[in-house]
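**Student:** structure for the following, please:
(one chain, ligands or ions: 2)
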Amino acid sequence: MPALRFDNRFLRELPGDPDSGPGIRQVHGALWSRVEPTAVAAPQLVAWSGDMAQRLGFSESDVLSPWFAEVFAGNAAWAGMEPFAANYGGHQFGHWAGQLGDGRAISLGEVVNAAGERWELQLKGAGPTPYSRSADGRAVLRSSVREFLCSEAMHHLGIPTTRALSLVMTGEQVVRDMFYDGHPRAEPGAIVCRVAPSFIRFGNFELPSSRGDVALLRQLADFCIARDFPHLQASAAGGQPYAEWFGEVCERTARMVAGWMRVGFVHGVMNTDNMSILGLTIDYGPYGWIDNFDLDWTPNTTDAHGRRYRFGWQPKIAYWNLTRLAQALSPLFDDAAPLHAGLQRYTDAYAAADRDSIARKLGLQDCRDADVALMDDLHALLQSSEADMTIFFRALSDIDLHAPSMAPLVGAFYDDGQRAAAEPAFIDWLGRYAARSLQDPRGASPRDRVERMRLANPRYVLRNYLAQQAIDRAEAGDFAGITELLDLLRRPYDDQPGCEAFAGKRPDWARNRAGCSMLSCSS
Ligand code: AMP
Ligand code: MG
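**Tutor:** Ligands and ions are numbered 1, 2, ... in the order given. Presented below is the predicted three-dimensional model:
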């Protein structure tokens, strides 16, 4: 067993719940509660991230030792671990939901690795906590596979995210009514160990603020700045760093969402309790990846009616969430001007990041106003013709700028009839695109242009049906599909010979299959 160094600042520096019992309760005046993971019957390590293991200081033989599965199933603890659940609230689907808290996440502690990086380890699905409300604190295999794979895939796409260390099956069954339609069934249970420098969410600030506990709010803000934004503490030089801090949270959130939009990721549940203060993608639930380009698509059946968290609304929803955070933080400010200035930083940072994405996705040196319109026009065409987003953008770098044609792009369409109908409009668009590209300094250097495009337009993403296939295999006892995807998605921008099948369109059978086109919050 490696000598991990724990330095549990969240527990040490912030007030905790004096009650350490297991009962469900409202917790006032405290930001966390002690809780022990509930032991499981038969821990079995199913997959792990070699990158993350190494970063934390685990060798391969550490990972393969029996104690590793025991610890990351919650059956055993190491010296220095102090398990707790965090107390937070949140706005869910636009409405204040009161206290939520970690209902099935249990943090084990904060590891400081050899490089001095701080990584909090957190088990998801390790049993009930004081915040479990009426639920069981557990997680099923299918949702755990999805969280494990997508955390690592997102990281390798270069988009800020919480990470995943391990995926352990519990040997126990968990009962879920997947579509809330009166058909519960027993499914295999699993636990992911996720890892991040901080799991603080917007909702951690909203809860004490909603209760008028300004002292606790201030304590958490000061702690968060000191631990998670230390550069701001130094630069504030005796003053209050709150304004600068809020502005940085806004900018980080903007860059994260621009990343999602670039690769076609739909979070699915952008409630404020699922928004990280560090601008990390967090809480992979009923998320999904865009196959045919559709700004109105959401994978989340719970949101099917209003589609609040649809693909194309993510930038404005993130802004709305930041206004909730601004509201929560307002007792720390004498007037609202710095909060408005922070929100403006979101708007500016999002516009800049979006322009950067446009330039990179189209292979241009920079993005001019007319290029924003060029991209908007392309989006409208992709949407109306149901073209595959990932395949289309990847293939766009194969266009001959001197003789643009549809030929490199035909593989992106799901329906020949729709393609044929849209072809004149695409030819027209390609003409405009080629003319613009040839004026661009990069147009003169095709290799440079293609390379830039490849680094912005992934070849492989975690398509919903690919994740589902790995889940189907895992439920039948074959875990190789998980490892295959994990390996593939470590290099999403590289063409990987032999892996073409993973870069194809969503097959027809997956169009309306549960898990492939729609997911519920039941997990
Ligand atoms: P989510 O929509 O997954 O972000 O969850 C919203 C809230 O419900 C959070 O407070 C979760 O901790 C809690 N929650 C979700 N699933 C469970 C579960 N199976 N057991 C206990 N709490 C849960
Ligand atoms: Mg959540």
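
**Student:** got a list of what the closest residue to Glu147 other than its chain neighbours touches?
**Tutor:** Spatially, and ignoring its direct neighbours in sequence, Glu147 is nearest to Tyr284 (4.1 Å; C-beta to C-beta, 6 or more residues apart in numbering). (Each C-beta comes from the backbone N, C-alpha and C, glycine too.) The contact partners of Tyr284, taken as C-beta atoms under 8 Å, 6 or more residues apart in numbering, are 146-147, 150-151.

**Student:** any idea which of those residues is the one closest to Thr301?
**Tutor:** Closest approach to Thr301 among the contacts of Tyr284 (C-beta to C-beta): Arg146, at 14.8 Å.

**Student:** show me where this protein dips below the pLDDT cut-off.
**Tutor:** Counting by pLDDT under 70, the chain contains low-confidence residues at 234-239.

**Student:** of all of it, which residue lies closest to ligand 1?
**Tutor:** Gly103 (2.3 Å; C-beta to the nearest ligand atom).

**Student:** can you tell me the SS state at that residue?
**Tutor:** Under DSSP: H, G, I helix; E, B strand; the rest coil, Gly103 falls in the coil class.

**Student:** what does the protein have sitting close to ligand 2?
**Tutor:** Residues of the chain that fall close to ligand 2, judged by C-beta under 5 Å from the ion: 274, 283.

**Student:** can you confirm the residue nearest to Glu147 is in a helix?
**Tutor:** No. According to three-state DSSP, Tyr284 belongs to no helix; its state is coil.

**Student:** helix or strand right after the biggest helix by length in the chain?
**Tutor:** Secondary structure of the chain per DSSP state H: the longest helix is helix 337-362. For helix 337-362, the following helix or strand on the C-terminal side (DSSP states H and E) is helix 369-385.

**Student:** show residues contacting the following helix or strand past that following helix.
**Tutor:** Scanning forward in sequence from helix 369-385 by DSSP H and E, the next helix or strand is helix 389-396. Identification of contacts with helix 389-396 by C-beta under 8 Å, 6+ apart yields 263-264, 289-293, 361-363, 382, 408-409, 411-412, 433, 453-454, 456-459, 461, 463, 503-505.

**Student:** the same query, at a cut-off of 7 Å, please.
**Tutor:** 264, 290, 293, 361, 382, 408-409, 411-412, 453, 457-459, 461, 505 (C-beta atoms under 7 Å, 6 or more residues apart in numbering).

**Student:** also stretch 139-147?
**Tutor:** With C-beta under 7 Å, 6+ apart, stretch 139-147 has contacts from 104, 124-125, 164, 167, 169, 174, 176, 187-192, 284, 467, 470-471, 474-475, 482, 515, 523.

**Student:** change it to 8 Å
**Tutor:** Contacts for stretch 139-147 (C-beta under 8 Å, 6+ apart): 104, 124-125, 164, 167, 169, 174, 176, 187-192, 194, 284-285, 287, 467, 470-471, 474-475, 482, 515, 523.

**Student:** out of those residues, which sit inside strands?
**Tutor:** 124, 164, 167, 169, 174, 176, 187-192, 194 (DSSP state E).

**Student:** of these, which is the nearest to Gly443?
**Tutor:** Using C-beta to C-beta, Ala164 comes nearest to Gly443 of those, at 40.4 Å.

**Student:** just the buried members of the contacts of helix 389-396?
**Tutor:** 264, 290, 293, 361, 382, 408-409, 412, 453, 457-459, 461, 505 (16 or more other C-beta atoms under 10 Å).

**Student:** residues contacting the residue of the chain closest to ligand 1?
**Tutor:** Here Gly103 is in contact with 85, 128-129, 131-133, 135, 137 (criterion: C-beta under 8 Å, 6+ apart).

**Student:** farthest-separated two in those?
**Tutor:** Ala85 and Ala135 (12.9 Å).

**Student:** hmm, the helix or strand that contains Leu149 touching ligand 1?
**Tutor:** Under the criterion of DSSP H and E, Leu149 resides in helix 141-157. No. Judged by C-beta under 6 Å from any ligand atom, helix 141-157 stays clear of ligand 1, getting no closer than 9.0 Å.

**Student:** what residues sit buried inside that helix?
**Tutor:** 141-157.

**Student:** do the same with stretch 316-335
**Tutor:** Quick answer for stretch 316-335 (16+ other C-beta under 10 Å): 317-319, 321-322, 324-329, 332-333.

**Student:** and the residue lying closest to Ser132 once chain neighbours are set aside, how far is that from Ala403?
**Tutor:** Spatial nearest neighbour of Ser132, excluding adjacent residues (C-beta to C-beta, 6+ apart): Gly103 at 4.3 Å. Distance from Gly103 to Ala403, counting by C-beta to C-beta, to the nearest Å: 58 Å.

**Student:** could you do Asp213 as well?
**Tutor:** On the measure of C-beta to C-beta, Asp213 and Ala403 end up 67 Å apart.

**Student:** so for these two, which sits in the more crowded spot?
**Tutor:** Using other C-beta atoms under 10 Å as the criterion, Asp213 and Ala403 rank with Asp213 on top: 17 against 8.

**Student:** and Thr38, its phi and psi?
**Tutor:** Backbone geometry at Thr38, expressed as degrees, to the nearest 10, gives phi -90, psi 130.

**Student:** contact partners for it?
**Tutor:** 74, 126-128, 137.

**Student:** so which of those comes closest to Tyr309?
**Tutor:** Gly137 (24.7 Å).

**Student:** can you get me a residue count around the residue nearest to Pro128 when sequence neighbours are not counted?
**Tutor:** If the residues on either side of it in the chain are set aside, Pro128 comes closest to Gly137, at 3.6 Å by C-beta to C-beta, 6+ apart. When neighbours are defined as other C-beta under 10 Å, Gly137 has 24 of them.

**Student:** who touches Gly137 in this structure?
**Tutor:** 38, 103-104, 125-129.

**Student:** on the three-state scheme, it is what?
**Tutor:** coil.

**Student:** count the neighbours of the closest residue to ligand 2 within the stretch 201-350 of the chain for me.
**Tutor:** Of all residues in the stretch 201-350 of the chain, Asp283 sits closest to ligand 2, at 4.0 Å by C-beta to the ion. Asp283 has 22 neighbours, counted by other C-beta under 10 Å.

**Student:** mind starting the numbering at 778 from now?
**Tutor:** Okay, residue one is now 778; in that scheme the one you just asked about reads as Asp1060.

**Student:** so what does it look like in phi/psi?
**Tutor:** phi 70, psi 80.

**Student:** the residue nearest to it when sequence neighbours are not counted: how many residues sit nearby?
**Tutor:** Nearest residue to Asp1060 in three dimensions, chain neighbours excluded: Asn1051, at 4.2 Å (C-beta to C-beta, 6+ apart). By other C-beta under 10 Å, 22 other residues sit near Asn1051.
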